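Enquirer: Give me the fold of what follows.
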Amino acid sequence: MPVNTAQRRAKRADHRKAATREKRRNETAKNSLSKRVPRASAAPIQQCLVHEKLFKTEMGMLVLTRGVSTFRV
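Expert: Numbers count the residues shown, from 1 in each chain. I've put the predicted structure just below:
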């Protein structure tokens, strides 16, 4: 019994959708926070900013910037 054209198109569409889902899943896994944090922690520290009153009041902010260059932080 031959498969009609509509069934073939539906099968191809299902295959394309599955491939797209898999591709998006892989891209999401690569860019997830749990994957980005170790990569970022390996980058050198570019700047360290300390609030002026940190040592007087023992409370304040400390900001570290990491990156491979000063333009890509």
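
Enquirer: May I have the predicted confidence score for Val3?
Expert: Turning to Val3, the model gives it a pLDDT of 70.

Enquirer: From Arg24, how far off is the residue positioned nearest the centre of the chain?
Expert: The centroid of the chain falls nearest to Asn31 when counting by Cα atoms, centre = their mean (2.4 Å). Going from Asn31 to Arg24 by Cβ to Cβ, to the nearest Å gives 11 Å. All C-beta spots, glycine's among them, are computed from the backbone N, C-alpha and C.

Enquirer: again with Val50
Expert: 41 Å.

Enquirer: Phi, psi for the residue nearest to the centre of the chain please.
Expert: phi -100, psi 10 (degrees, to the nearest 10).

Enquirer: what does Ile45 give?
Expert: According to degrees, to the nearest 10, Ile45 has phi -70, psi 130.

Enquirer: Now do the same contact list for it.
Expert: Shown in contact with Ile45 (Cβ atoms under 8 Å, 6 or more residues apart in numbering): 64-66.
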